[in-house]
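> Here is a sequence with its predicted model. Questions after.
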Amino acid sequence: MQKLLKALEPREEEEVQMTPEDLAEAERRAKEYSRRKMAEHRAWQRDLTTKLRLKEAAIAALPPELQAAAREPDYTPFPPNRQMFTDTPPIEGFGEASKTQQQTGRRSIGTKKR
């Protein structure tokens, strides 16, 4: 129990002594980091603003009767059984048999062909 109480006691921190040169270097690094982070943030904002402007331009290009429907948000959830293949690039012709089976309504069960 004593070890636990000792571990929970706050320890005294040693004061770090930095030379004026070290302080100036740390300040320079902090400012450079801040500049880079702000540049990243501004690039992200610029990208988002561009996307919003393009979206509005696309909606404005629609006929007036479709513009109101295009401005309505779509909250339809994605299908829970949707597959997203990301391990390999798309393989030509893969899944063609399953598409024809879906269209004809046939299901193959097991390894024997019907």
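The structure has been received and is ready for your questions.

> Next up, phi/psi of the residue positioned nearest the centre of the chain, please.
Nearest to the mean C-alpha position of the chain, counting by C-alpha atoms, centre = their mean, stands Trp44 at 12.6 Å. Backbone torsions for Trp44, taken as degrees, to the nearest 10, come to phi -60, psi -40.

> Please apply the same query to the one 4 residues further on.
As for Leu48, its main-chain torsions (degrees, to the nearest 10) stand at phi -60, psi -40.

> Please identify which helix or strand holds Ile59.
helix 20-61 (DSSP states H and E).

> next SSE after that helix?
helix 64-71.

> how about Thr76, secondary structure?
coil (DSSP: H, G, I helix; E, B strand; the rest coil).

> Quick one, grab the pLDDT at it.
Thr76 is assigned a predicted lDDT (pLDDT) of 91.

> Can you name the residues that contact it?
Neighbouring residues of Thr76 by C-beta atoms under 8 Å, 6 or more residues apart in numbering: there are none. Where C-beta positions appear, they are placed from N, C-alpha and C, glycine not excepted.

> for this protein, what are the low-confidence residue spans?
The chain contains residues with pLDDT under 70 at 97-114.

> name the helices or strands packed onto the helix holding Ile59?
helix 64-71 (3 or more C-beta pairs under 8 Å, 6 or more residues apart in numbering; DSSP states H and E).

> can you list contacts of the helix it packs on?
58-60, 62.

> Could you dump the residues you listed into TSV with neighbour count added?
Below are these laid out as TSV (neighbours: other C-beta atoms under 10 Å):
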residue	neighbour count
Ala58	10
Ile59	14
Ala60	10
Leu62	13
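
> In CSV: the residues you listed, plus distance to Met38.
Shown next, in CSV, are these (distance: C-beta to C-beta, whole Å):
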residue, distance to Met38
Ala58, 30
Ile59, 31
Ala60, 32
Leu62, 37
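
> now, among these, which is nearest to Met18?
Ala58 (55.2 Å; C-beta to C-beta).
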